[in-house]
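Peer 1: my questions are about this predicted structure, shown below with the sequence.
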Amino acid sequence: MTYSIPHCLRIILNLIFFGFFLISARAQDNLRYEGPLTIGNYTGDATYGYVVSNGDTILNGPFRLKRANLDALLQKQDYSFDFSGRYVNDYPTGFWDFKFGEFKSNNESQVIDYQYRVAVSGIQEEASGNLVKGKPDGTWTYTVNRIEDSEVSQTLFKSSILFDKGVPQQSFRIENDSLTLAGRFLRNGLAHDEWSLFESTGLGAAESWFFDDGLLHKIQYELDGTLTTIPIYQDRPNRTQIVNLDTRYIKVLTIWQSLDQTSSTSIGGSMQYLLSENATYYKKIDDILSELGKSSFLPEFKVKVPYYPLTDNEERTLDSITQQFEKAKGASDSFLSDTQLNILKLSDEEAAYLYAVTDSISKNFLNPIARILEYREQEVLRHLPLGALIESLWPDGKPTTNIRVTITLDSITKEKNFEASNAKGFQFSKNNVASLGELMDYASICMDSIQQVLNKRLTNEKRQQELVAIEERLIAQQQQLKMFVDTANVSSNAERKALNQLKSLADAELTEYASLEGLEPKLKDARDLLDCFVVYGHLARSVAILPANWKTIQEKYKDRIWNPFMATLMDEEVKKRITSAYRKVLVPYFLAKISLGLECDEVEPLNALMQDTYQRMLELRLENTAKLERKLRRTTDPETVLELFGLTSTLKTKE
Amino acid sequence: MKGRYKNTAILVAFLLMYCTQGFTQETNEEVLPPFSEFKDPKTRTWFNTYGNIRISKRLFWVAQTHFRFEETEETPFIGQIGQVYNRHAIGYIYNKKINAALGGVMRINFNTDESSTDRNVVPEFRIWHQYQFAMPVYSAMIYHRIRIEHRWTQGFEENSEYIFRNRWRYMFRAKIPLNNHKLEPKTLYVSPEAELIMQSGRAVVGSVMEDLRLTTTLGYILTPRLTVAGGLMYSQGQTLENAGVFKQNLTLRFHLYFSPDFRRVRNKLPAIHLND
């Protein structure tokens, strides 16, 4: 067999090519993953390529994540999605397509071309376009369609924006089912020329915003056939700042507009709505892309706004205003909502007067300041002319140091003035931050002085009421104790004596209390007494239950014994030393303690000891007590008996 | 009328039999009197202790010691010691109402015949078994006791032979609580009892009714394990020597009943109730 030269050449070329292929494959070392993957809220089946570099996984190559569950669809509804595109060195690059579906089926199926087909209804979202290094580039469209029986029935939202490396360019168009917004951008992404908002039902533009190099200068809108023009930023401000056209920008516009007393129409609502709807959809894509690799997928529609920077001094003043405001606002709110003060002000002139002053400070000082602080918090303050803003917050002029209030008491109306002692030093008529600071200082001082007076009043009032309530409870407790003692069914004189002693103890303490003078000592004593009376009640109960306890113990300490002479079963008392120690030593000891007179703080320990003793008696019945019984034979001392029983007496021995 | 004649006829026949026997056996010694002769009642005092000591779930040890005194010419009831009893047995509790016992007795008999020159003390031995049945009747209890004793006795004379007799005893007794609705501690009760003691044996000729005891005692239950009682007993019976001669006794009886239980608590607890 002979080989022709071209044939050999071909074999050699093939070998060389194959070698190159091997080398290049090894160099790239691209790996593929196929399996489940979760990105944020999306869990599905993924296939993607990646390389491992220095232990990091870097996405590289085609990427796809999808999910569709037929069972879920047939049973209730299915959330499907399908993301596909390509990563290059961890950046999504090239054509990307995102689909989100939320479908229900009508459970009717057809067989067409050897396939089962199920018609679905629901919402389908689709976004597609090119990405360069994770940023949109070229035209991106985002469409939300309503699907009925597997066909598009209505477009709910559609946006089409041309990007250049993430910066919106030339013209864009965003529409939903009722509005369409179309506009233009400069090369640097700034809004330019006319942005028009059309209503799908009307003819012509419903609202047009005119930008000049990003700065809005007028808004035209048509209402009931008449065209209105609102001038905005007519005088070109000294300094401007480029910001995103977002909620904050609209807010600045709204406040700006409110500063101009001639116009009261709210603007930008619909436009803002469409833009934010668009931003929400873009955010959805951004979330997915940034979860996996590097990307920034948010359309940034840039505009210019006036910029009024605050000096460091002004910032510091505003910081201190914020602190003072929190304190003063807290105090005024708590007074205005204090139920006691609200009742008191109906009958007490001073209370009514201070309440009215607080109310006035809250309305005329604190609320306007709250607005400023709120704007600052929202970062819109620096885009607003502060002087005009302050002026607009007090349309009737700033309050003076003399706070004039009108109070009506018993249908007599009086006018009164309030002024802080050092009011003369305050001057806050100017519309600047420093003046605002003084105004806040003054409000703080006023609130502090009101607080001092009112707190004392309210505390006193509160205490008086508390005392009345405690006294009522004291009397009720004493009555209860009396009734309990009188009706208690005790078996021995000692028990009766102890109960009576408790009763007279309570009576004596109440008499002693009645002779006290002064709110403070009375309140303290009443509180203590209340606790005492509660424990007296407990102790009385423990005494009254002694006969029943003894009965239970007797029942417990019995064995059924068969008497051979009588041929009958008889109850035999067992562990008699223990029962008799309880009955003849401990119980009389407890009762004697009570009858001798107790201090309030001795009552609870005694009560606890009595209850513990009873419990211990029930336990001892079951325990092996041979040793204990032997020891009991030698003692009649209650303390020793308690010790033998394993109970610790915390009672003080009275001499 | 016919029935009565018949009974009388049988009675007469019995009497005749006795008479002939008596005559044939002891022709030379004793002669049946024409009418029953009743000796004067002898007065006695008994101090009896009764112990029932529980040793297991079903067994108990019967330990009784009796001190029996009788009159002397100078002192009625308690003039001299008559007998000292030692009665022991192992009892078996069948159930709460039925029990039985088997054991032995050693009795010391003292010669109480003041004129006698014979031995002062002789022992007497018995084997005994008894069966007791209790029945509750309202608040009271009644008891039937059958006791059978095999008895070896000897006289006080020097070298006298033991004679063997069987005793057949039936006792009917009631215990009626007086101050309570049942027999339990701190209860006073009255106990009437009647016991018939029959005997048989080669040596018993005619004197089959050894003793008929009629007693009434008053008892007090101190605790389930301790009871005291005291009463008076009248008894009569044929003398062994002459079936026509009846001895009579009036006895003061004082009883102490105790029933300790030395079992460990853990053995005691589950079995207190026996079968119920």
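Peer 2: Happy to help now that I have it.

Peer 1: for the rest of this, base every contact and every neighbour count on C-alpha atoms.
Peer 2: Fine.

Peer 1: residue numbers of chain A in contact with chain B?
Peer 2: By CA under 8 Å from any CA of the partner chain, the residues of chain A that approach chain B are A:560-568, A:570-572.

Peer 1: in ChimeraX, select just the buried ones from the residues you listed.
Peer 2: Here is the ChimeraX command that selects only those of these that count as buried (16 or more other CA atoms under 10 Å in any protein chain shown):
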select /A:561,562,563,564,565,566,567,568,570,571,572
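
Peer 1: including pLDDT and secondary structure, could the residues of chain A next to chain B go into a markdown table?
Peer 2: Formatted as a markdown table, the entries for those read as follows, by pLDDT from 0 to 100; DSSP: H, G, I helix; E, B strand; the rest coil:
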| residue | pLDDT | secondary structure |
| --- | --- | --- |
| A:560 | 84 | strand |
| A:561 | 83 | strand |
| A:562 | 86 | strand |
| A:563 | 87 | strand |
| A:564 | 87 | coil |
| A:565 | 89 | coil |
| A:566 | 88 | coil |
| A:567 | 88 | coil |
| A:568 | 88 | strand |
| A:570 | 88 | strand |
| A:571 | 86 | strand |
| A:572 | 85 | strand |
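
Peer 1: go through the residues of chain A next to chain B and say which is closest to residue A:590.
Peer 2: Within the set of these, residue A:572 lies nearest residue A:590; the separation is 27.6 Å, counting by CA to CA.

Peer 1: contacts only, for that closest one.
Peer 2: With contacts taken as CA atoms under 8 Å, 6 or more residues apart in numbering or on different chains, residue A:572 has the following neighbours: A:558-561, B:223-224.

Peer 1: which bits of chain B sit near chain A?
Peer 2: Counting by CA under 8 Å from any CA, the residues of chain B lying close to chain A are B:52, B:96-97, B:134, B:141, B:183-185, B:223-225, B:257, B:259, B:272-273.

Peer 1: mark which of those are buried, thanks.
Peer 2: Neighbour-count burial (16+ other CA under 10 Å) is assigned, among the residues of chain B next to chain A, to B:52, B:96-97, B:134, B:141, B:183-185, B:223-225, B:257, B:259.

Peer 1: hmm, back to that, strands - which of the residues of chain B next to chain A land there?
Peer 2: Among the residues of chain B next to chain A, the members found in strands (DSSP state E) are B:52, B:134, B:141, B:223, B:257.

Peer 1: gap between the helix or strand encompassing residue A:80 and the chain center?
Peer 2: Per DSSP states H and E: residue A:80 is located in strand A:78-88. For strand A:78-88, the separation from the chain centroid amounts to 36 Å (computed by CA atoms, centre = their mean, to the nearest Å).

Peer 1: just checking, what packs against that strand?
Peer 2: Contact here means 3 or more CA pairs under 8 Å, 6 or more residues apart in numbering or on different chains; DSSP states H and E; on that basis strand A:78-88 packs against strand A:56-67, strand A:94-112.

Peer 1: turn those strands into a markdown table, columns for distance to residue A:377, mean pLDDT and mean neighbour count.
Peer 2: Written out in a markdown table, the entries for these read as follows (distance: least, CA to CA, whole Å; pLDDT from 0 to 100; neighbours: other CA atoms under 10 Å in any protein chain shown):
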| stretch | distance to residue A:377 | mean pLDDT | mean neighbour count |
| --- | --- | --- | --- |
| strand A:56-67 | 40 | 81 | 19 |
| strand A:94-112 | 37 | 80 | 17 |
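
Peer 1: columns distance to residue A:616 on top of the ones you listed, output as CSV?
Peer 2: Supplementary listing: the helices and strands packed on strand A:78-88 in CSV, determined by distance: least, CA to CA, whole Å:
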stretch, distance to residue A:616
strand A:56-67, 70
strand A:94-112, 71
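
Peer 1: so which of those gets nearest residue A:421?
Peer 2: The minimum distance between residue A:421 and these falls on strand A:94-112, with 68.5 Å, by CA to CA.

Peer 1: sec struct for residue 252, please.
Peer 2: Just so you know, I chose chain A. Secondary structure of residue A:252, reduced to three states by DSSP: H, G, I helix; E, B strand; the rest coil: helix.

Peer 1: actually it's chain B I care about, not the one you picked
Peer 2: Classification of residue B:252 by three-state DSSP places it in strand.

Peer 1: coming back round to it: pick out the lowest-pLDDT one from the ones in strands among the residues of chain B next to chain A.
Peer 2: Sorting those by confidence puts residue B:223 at the bottom, with a pLDDT of 90.

Peer 1: that one contacts residue B:183, correct?
Peer 2: No - with contacts counted by CA atoms under 8 Å, residue B:223 stays clear of residue B:183, the gap being 10.7 Å.

Peer 1: which residues do the two both contact?
Peer 2: Counting by CA under 8 Å, 6+ apart, residue B:223 and residue B:183 have no common neighbour.

Peer 1: can you report how many residues neighbour residue A:583?
Peer 2: 15 (other CA atoms under 10 Å in any protein chain shown).

Peer 1: quick check: which element contains residue A:44?
Peer 2: Secondary structure here is read from DSSP H and E; on that basis residue A:44 sits in strand A:42-53.

Peer 1: buried residues in that strand?
Peer 2: With burial defined by 16+ other CA under 10 Å, the residues of strand A:42-53 counted as buried are A:42, A:44-51.

Peer 1: quick one: distance of that strand to the chain centre.
Peer 2: Using CA atoms, centre = their mean, the offset of strand A:42-53 from its chain centre is 38 Å.

Peer 1: thinking residue A:49 is in contact with residue A:57, fair?
Peer 2: No - counting by CA under 8 Å, residue A:49 stays clear of residue A:57, with 10.0 Å between them.

Peer 1: the strand holding residue A:80: what's the following helix or strand?
Peer 2: Towards the C-terminus, the helix or strand next in line after strand A:78-88, according to DSSP H and E, is strand A:91-92.

Peer 1: can you give me the strands in chain B?
Peer 2: Secondary structure of chain B (DSSP E): strands located at B:37-38, B:42-54, B:59-70, B:80-93, B:98-110, B:121-137, B:140-153, B:163-177, B:187-200, B:209-223, B:226-238, B:245-258.
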